[in-house]
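Chemist: Task: produce atomic coordinates for the following.
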Amino acid sequence: MTAARPERPAALSRRGFLGTAGAFALIAGCRSAAEVFASREPRLKFGVASDIHCQYRAFCDDFENALVKFRAAGVDAVVIAGDLADTGSVRELKFVADCWDRVFPGGRGKDGRRVERMFVTGNHDHDGEPMKNSAWRGYYCGDQARIAEDSMALRPGGVAGAWEQCFGEKFEPIYRKNIRGYDFIGAHWCTQNGVDGVEEYMRRAAPTLDPARPFFYVQHCHPRGTVYADWAWGEDDGRSKRALSAFPNAVAFSGHSHFTLTSDWSIWQGEFTSVGTASLSARVAASYGGRENSRAFPGERPHMPQASAADVRQGMIVTVYDDVVRVDRRDFSRGLPLGEPWVFTVPAGAGSPYVPARHAASVGAPAYAVRPGADEVAVSEGAAAHGCDGGVRHVTVSFPVPSPKGDARAFDFEVAVIARYNNVEKIFKVKRALCPSAHLPPSAEVKRAECVFAADELPRPVKRSWTSAGFRFAVTPVSSMGVRGETFYSKEILCT
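Modeler: Down below sits the predicted model:
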């Protein structure tokens, strides 16, 4: 028997709506989310990417590849959340326009349907002047006049003129389009503090936005205090959050930080919905401060090479149904999903699935099928070159990575040195190491990870014969939202 449909269903997680009498209870007999969605008619579909940085041909190829994927999916629009160019040159913006015209000639998809651009500029489009870049200085043979002519910020007409030249459409600091009955608002870069006039713009727009439908807002900076919480790099000063908090049906897309879509912090719900858009240019790994193989904790010297994300090209496809929004995260370099689809209804609110505390609890802790034994933690010594201290003696701790289960996977690991002296144990040193496959699809998860210590970071031997002293390593997998899995230990190593 089909359950009665609520007048406005609460936002439901993917797990939630499959097992409850909510919006999807209308569809009887379906055995999977794929079957549920296959039986429903999309109202709107659009691709999302960000931070293309089209300075080099390879980056333009990645952008074109993403556009081809969007075309194959039958999108009605493409959202780009800033940093189209890398050094702010007209030449780079023209690369972007040419890619678009090759894939969507005349702004049309394969079936002749109109496909809209919802592009906004970022800081690299406005501030990355070619004269600041040695490669471009060489290209122009140091000719400052030619450099200035190709700089969007310096040439006559500025960024607005370059935009109109390359895309053939009027440049408006904040603009709006209606695509298949859904409103999109694009806000171009102003400063790191945010978009000038956005609060007033949203106040004026309020009477004309349908509260019964989601609308989509795009800017480069993250709205402060949404995705990636209070440690995010790339936030504005809070003005966009103030502007959007009156609209629980708003879904905001923002880039700038290049944070990976495998992180569960890439979606946030509160007064509205906010989504981070990652990067198509693979500049990701250095953003995760505090990790030994990313950017070490302030005041510490790293003893590991920085983890690489050179082969990561991320974006998403958003599908809007009558009462549900589905976001599919994709690795375009591999053609693989980056995790479970994010599924929610609007309006957002305290009961939404991606409110951080609820989301963390829903995803849960990374877990091993069988807790690793001490023999599975390998400890090796040597003078192998690591990071910036090639001449220093190191100890490398290698350990297994838990297999992903849904979105529950290890983003990084806490590795602690537990020292024993007589009958007392205490934590001697703690490090965090990013999982080498943290940015990759779950199907590309590595089997093992490691953390490196300098020898002088470990307990020293005790000389008096009546004492006993040793240490062991404690390894704890941690999710992207900080949920800790079960700790396991190495064998004890005597201080000698």
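Chemist: Which parts of the protein are helices?
Modeler: Assigned by DSSP state H, the helices in the chain fall at 14-18, 33-38, 57-73, 90-103, 123-126, 134-139, 144-150, 158-167, 198-205, 239-244, 356-363.
Chemist: Summarise which helices and strands the third one is packed against.
Modeler: Under the contact criterion of 3 or more C-beta pairs under 8 Å, 6 or more residues apart in numbering; DSSP states H and E, helix 57-73 touches strand 44-49, helix 90-103, strand 314-320. (C-beta placed from N, C-alpha, C; glycine too.)
Chemist: Mind doing that once more with 6 Å?
Modeler: Packing contacts for helix 57-73, counted by 3 or more C-beta pairs under 6 Å, 6 or more residues apart in numbering; DSSP states H and E, involve helix 90-103.
Chemist: Mind giving me the packing neighbours of the helix it packs on?
Modeler: Under the contact rule (3+ C-beta pairs under 6 Å, 6+ apart), helix 90-103 is packed against helix 57-73, helix 158-167.
Chemist: Can you give me the end-to-end span of stretch 297-317?
Modeler: 35 Å (C-alpha to C-alpha, to the nearest Å).
Chemist: Pull out the buried residues from it.
Modeler: Across stretch 297-317, burial judged by 16 or more other C-beta atoms under 10 Å covers 302-304, 306-307, 309, 312-317.
Chemist: can you list the helices of the chain in CSV and add mean pLDDT, mean neighbour count and distance to Leu336?
Modeler: Shown next, in CSV, are the helices of the chain (pLDDT from 0 to 100; neighbours: other C-beta atoms under 10 Å; distance: least, C-beta to C-beta, whole Å):
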stretch, mean pLDDT, mean neighbour count, distance to Leu336
helix 14-18, 37, 18, 18
helix 33-38, 66, 15, 16
helix 57-73, 89, 18, 12
helix 90-103, 94, 20, 21
helix 123-126, 92, 23, 28
helix 134-139, 61, 14, 32
helix 144-150, 71, 16, 37
helix 158-167, 94, 18, 31
helix 198-205, 98, 16, 36
helix 239-244, 98, 23, 32
helix 356-363, 95, 16, 19
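Chemist: now for the ones you listed, which one comes closest to Ala408?
Modeler: Closest of the helices of the chain to Ala408 is helix 356-363, at 5.4 Å (criterion: C-beta to C-beta).
Chemist: Check which helices and strands that closest one sits against.
Modeler: Contacts defined by 3+ C-beta pairs under 6 Å, 6+ apart place helix 356-363 against no helix or strand at all.
Chemist: So that it lines up with my notes, have the first residue be 234 from now on.
Modeler: In the new numbering, first residue 234, that becomes helix 589-596.
Chemist: And the contacts of it?
Modeler: With contacts defined as C-beta atoms under 6 Å, 6 or more residues apart in numbering, helix 589-596 is touched by 246, 497, 640-641, 714, 716.
Chemist: Go again with 7 Å.
Modeler: 246, 248, 462, 497, 501, 586, 640-641, 712, 714, 716 (C-beta atoms under 7 Å, 6 or more residues apart in numbering).
Chemist: and those residues, which two are the farthest apart?
Modeler: For these, and using C-beta to C-beta, no pair is farther apart than Arg248 and Ala462, which are 23.0 Å apart.
Chemist: Just give me the closest of the buried residues of stretch 530-550 to Glu725.
Modeler: Out of those, the member with the shortest distance to Glu725 (by C-beta to C-beta) is His536, at 22.2 Å.
Chemist: sorry, back to before: wait, which of the helices of the chain is closest to Arg409?
Modeler: helix 431-438 (7.2 Å).
Chemist: gap between that closest one and the chain center?
Modeler: 28 Å (C-alpha atoms, centre = their mean, to the nearest Å).
Chemist: For that helix, list the C-alpha coordinates in PDB.
Modeler: Extracted as PDB, the C-alpha positions of helix 431-438 are listed here (Å, rounded to 0.1, in the frame of the first residue of the first chain):
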ATOM      1  CA  VAL A 431      24.600  41.000  -3.100                       C
ATOM      2  CA  GLU A 432      22.500  41.600   0.000                       C
ATOM      3  CA  GLU A 433      20.600  44.400  -1.600                       C
ATOM      4  CA  TYR A 434      20.200  42.500  -4.800                       C
ATOM      5  CA  MET A 435      18.700  39.500  -3.000                       C
ATOM      6  CA  ARG A 436      16.300  41.800  -1.100                       C
ATOM      7  CA  ARG A 437      15.000  43.200  -4.300                       C
ATOM      8  CA  ALA A 438      14.800  39.800  -6.000                       C
END
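Chemist: Turn the helices of the chain into CSV, including distance to Pro406.
Modeler: Below are these laid out as CSV (distance: least, C-beta to C-beta, whole Å):
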stretch, distance to Pro406
helix 247-251, 37
helix 266-271, 37
helix 290-306, 24
helix 323-336, 17
helix 356-359, 12
helix 367-372, 27
helix 377-383, 23
helix 391-400, 9
helix 431-438, 9
helix 472-477, 14
helix 589-596, 31
